[in-house]
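Undergrad: Please work out how this folds:
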Amino acid sequence: MVFLSETVTENYWMYALYAFLILLGIGIVLGAVLVWATKFFHVEEDPRIKDVEKLLPGANCGNCGYPGCHELAEALVKGEAKKSSQCKVGNADKNFKPIAEYMKSHPDKDGKTNIPGI
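TA: Have a look, this model is predicted:
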C-alpha cells in the first residue's frame with residue numbers, strides 16, 4: 001500500500017489555501033466595484049412618489065392601466081396620468097381627494113403642481 005507522505009498532504013492544503021485566498025481576493029474586488037457602482041449610478045427619485053403611493057389603496061391589481069400602484073403614483077406625480085380615479089379599487093374620499101390635496105400642497109422643484117382630477 002502506498003501512503004502519501006506528509007509533505008505531499010501539506011502541499012494539498014497549501015493549494016486549497018491559495019485557491020481560497022484567490023477567491024477571497026476576487027470577491028473583495030468585485031464587492032468594492034459593486035459599492036462604487038451603486039454610488040456612481042445612483043438615481044434620485046422624487047419623494048412625492050412614495051407619498052402618493054401610500055395614499056393609493058395598494059392593491060397592485062393593474063386595473064388602472066399601469067403595472068402597479070408605484071407606477072400609477074409615478075405617473076400622477078409626473079402629470080402623465082390625468083385622473084387619480086383611474087384606480088378602480090380606491091374611492092374618492094379615502095384615496096383620490098387626499099392625493100389631489102397632497103399634490104396641491106407639494107409642488108415639484110420648478111414650482112409646478114400637477115393636480116390630478118378625481
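
Undergrad: contacts and neighbour counts: CA atoms only from here.
TA: Noted.

Undergrad: Now that Ala75 has come up, it's in contact with Lys83, right?
TA: No - Ala75 is not in contact with Lys83 according to CA atoms under 8 Å; the separation is 9.9 Å.

Undergrad: Endpoints of stretch 101-110, how far apart?
TA: In stretch 101-110, first residue to last residue: 18 Å (CA to CA, to the nearest Å).

Undergrad: Centre of the chain to it, how far?
TA: 23 Å (CA atoms, centre = their mean, to the nearest Å).

Undergrad: buried residues in it?
TA: Going by neighbour count (16 or more other CA atoms under 10 Å), the buried part of stretch 101-110 is Tyr102, Met103, His106.

Undergrad: Gly27 is in what secondary structure piece?
TA: Assessed by DSSP states H and E, Gly27 sits inside helix 6-40.

Undergrad: wait, what's in contact with Met14?
TA: By CA atoms under 8 Å, 6 or more residues apart in numbering, the contact set of Met14 is empty.

Undergrad: before we move on, back to that, same list (the buried residues of stretch 101-110) but as a markdown table, adding distance to Pro57.
TA: Formatted as a markdown table, the buried residues of stretch 101-110 follow (distance: CA to CA, whole Å):
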| residue | distance to Pro57 |
| --- | --- |
| Tyr102 | 15 |
| Met103 | 17 |
| His106 | 20 |
